[in-house]
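Student: how would this look folded up:
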Amino acid sequence: MLIVLAIFLAVETLGAFKNLRGIDPTYNSISVSGKGEAISVPDIAVFSFTVSRDAKVASDAQGQVTKSMDVILAELKALGIEEKDIKTTDYSLWPKYTSETIVCSPAFCPPSRQVQDGYTASHNVSVKVRSTADVGKALRVAGENGATGLSSISFTVDDPDKILDEARAEAIKDAREKAKLLSKELGVRLVRVVSFYDNTGGGVTPYYAEGFGGDALVKTTVAPAPTIPVGENKVNVSVTIVYEIR
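Tutor: Got it, this is the predicted structure:
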């Protein structure tokens, strides 16, 4: 019985030691945060344009839109823009109305009424320009050939993951240096990483240029291509690292 009791106590003691080693290390840990930033020069531009026409007959409105759009698309492709980078985002046809005034009588003046006055056809397209040097030329092509709206131009990079990786690496380095300094001040030793949290902030933020829209570039005279500053994009990443300490 004494031998059996001794063996039992030995097993329980070993189990207790194992449990001590298995205690959640976050009870003996420090948490640090780090920030990183990466800057990139955009190499891709994206903009949208609309071709819209009014006509008494629906098919005439559609035909006019198609004619102008075909010319624009052909010239964009001549600039080297591939078909995969030109995408229709909306196509619509709806009746157009005008207000008709009704003659008033001495005792009553009825409100005006809406009378159909033809149709409006509209075709919206998004274009990706992979050479930022050609952005101005592409905008001029659309404006000179009947685009009634140019808008939403933005600049970004073709490989945003690469920029994110650079910013993340800088954030991790920043957190590691803070952890080393903090452990020295506390008189403890860093053992291992317990957890890691990455807040990338949604990726590369595109740069938007302003001043486009409406009939800003509708063809009146042959004008030089507009100068479009590209600027730069900044990516900010923050991370949080928890270290086990002893």
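Student: what sits against Arg168?
Tutor: Neighbouring residues of Arg168 by C-beta atoms under 8 Å, 6 or more residues apart in numbering: Gly36, Asp198, Thr200, Val237, Val239. Where you see a C-beta, it was placed from the backbone N, CA and C, and this is true even at glycine.
Student: show me the longest strand that occurs in the protein.
Tutor: If you go by DSSP state E, the chain has its longest strand at strand 113-129.
Student: now find how far off-centre it is within its chain.
Tutor: 27 Å (C-alpha atoms, centre = their mean, to the nearest Å).
Student: likewise stretch 109-122?
Tutor: 39 Å.
Student: returning to that earlier point: of the contacts of Arg168, which one scores lowest on pLDDT?
Tutor: Across these, the bottom pLDDT score, 71, is held by Thr200.
Student: wait, isn't it in contact with Glu166?
Tutor: No - judged on C-beta atoms under 8 Å, Thr200 makes no contact with Glu166 at a distance of 11.9 Å.
Student: could you say which helix or strand holds Ser52?
Tutor: strand 44-55 (DSSP states H and E).
Student: report the rounded mean pLDDT for that strand.
Tutor: Strand 44-55 comes out at a mean pLDDT of 94.
Student: for it, packing partners?
Tutor: Counting contacts by 3 or more C-beta pairs under 8 Å, 6 or more residues apart in numbering; DSSP states H and E, strand 44-55 packs against helix 58-78, strand 113-129, helix 135-144, strand 149-156.
Student: CA atoms of it as CSV?
Tutor: These are the backbone C-alpha positions of strand 44-55, laid out as CSV (Å, rounded to 0.1, in the frame of the first residue of the first chain):
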residue,chain,number,x,y,z
ILE,A,44,-2.4,52.8,-62.8
ALA,A,45,-5.2,55.3,-63.4
VAL,A,46,-8.9,54.6,-63.5
PHE,A,47,-11.6,57.0,-64.7
SER,A,48,-15.2,56.8,-65.8
PHE,A,49,-17.1,58.6,-68.6
THR,A,50,-20.6,58.7,-69.9
VAL,A,51,-22.1,59.1,-73.4
SER,A,52,-25.7,60.3,-73.2
ARG,A,53,-28.1,61.4,-76.0
ASP,A,54,-31.7,62.5,-76.4
ALA,A,55,-34.0,61.8,-79.3
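Student: direction included, what does it pair against?
Tutor: strand 113-129 (antiparallel), strand 149-156 (antiparallel) (DSSP bridges).
Student: point out the most buried one among these.
Tutor: Comparing those by mean neighbour count (mean count of other C-beta atoms under 10 Å), strand 149-156 comes out on top with a mean of 20.
Student: from the chain's centroid, how far away is that strand?
Tutor: Using C-alpha atoms, centre = their mean, the offset of strand 149-156 from its chain centre is 12 Å.
Student: likewise stretch 187-202?
Tutor: 28 Å.
Student: ok, residues contacting stretch 74-86?
Tutor: So stretch 74-86 is contacted by 73, 125-131, 134, 137-138, 141-142, 145 (C-beta under 8 Å, 6+ apart).
Student: same question for it, mean pLDDT?
Tutor: On average, the pLDDT along stretch 74-86 is 94.
Student: where does the chain dip in pLDDT?
Tutor: 1-27, 201-224 (pLDDT under 70).
Student: nearest to Arg189, of the strands paired with strand 44-55?
Tutor: strand 149-156 (43.8 Å; C-beta to C-beta).
Student: helix or strand right after the closest one?
Tutor: Using DSSP H and E, the next helix or strand after strand 149-156 towards the C-terminus is helix 160-186.
Student: what comes up buried for that next one?
Tutor: 160, 163-164, 166-168, 170-172, 174-176, 179, 182-183 (16 or more other C-beta atoms under 10 Å).
Student: kindly report the same for stretch 61-80.
Tutor: Ala61, Gln62, Gln64, Val65, Ser68, Met69, Val71, Ile72, Leu73, Glu75, Leu76.
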